[in-house]
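Q: starting from these lines, generate the structure:
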Amino acid sequence: MRLQTDPSCFSITAFLADQVALVARQEKLPPGAALLRLQELSRTPEGRATLMRLITAAAEREPNADEAAKIAAICLELTAWGYGDSRPRGRFTDGTGRGPTHRAAA
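A: A predicted model of the protein is given here:
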């Protein structure tokens, strides 16, 4: 399943759905269990760090540049929310180390 996040326009629905999808992929869980795991990881600093590592690992393994850009946008948003200081690296950044920029939806 393709991710829904648009790196140029933030959507909380896509952001949450894609986190669930990434947790499901990385931990080989069905969607309901992945949502529960995401909630569990979000409760503690250690869990949030684990979530960031999980999503960063997904980005590093993603062969599709468009999907990698979506994962980078998710990482950037999680970082902005205080989930860690992992910055997306590699081919899916804009060359500044910040990754793609995105604007709030109107």
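Q: so where do the strands sit in the chain?
A: Along the chain, the stretches classed as strands by DSSP state E are 9-10, 103-104.
Q: looking at those, which has the lowest confidence?
A: Confidence, taken as mean pLDDT, is least for strand 103-104 of the strands of the chain (a mean of 45).
Q: need the pLDDT of the residue nearest the centre of the chain.
A: Centroid-nearest residue in the chain: residue 74, 3.3 Å away (criterion: Cα atoms, centre = their mean). pLDDT recorded at residue 74 is 93.
Q: okay, it and residue 25: tell me how far apart.
A: Counting by Cβ to Cβ, to the nearest Å, the gap from residue 74 to residue 25 is 13 Å. Yep, even glycine has a C-beta here, placed from its N, CA and C like the rest.
Q: count of residues packed around residue 79?
A: Neighbour count for residue 79, taken as other Cβ atoms under 10 Å: 17.
Q: oh sorry, the question was meant for residue 22
A: Neighbour tally, residue 22, other Cβ under 10 Å: 23.
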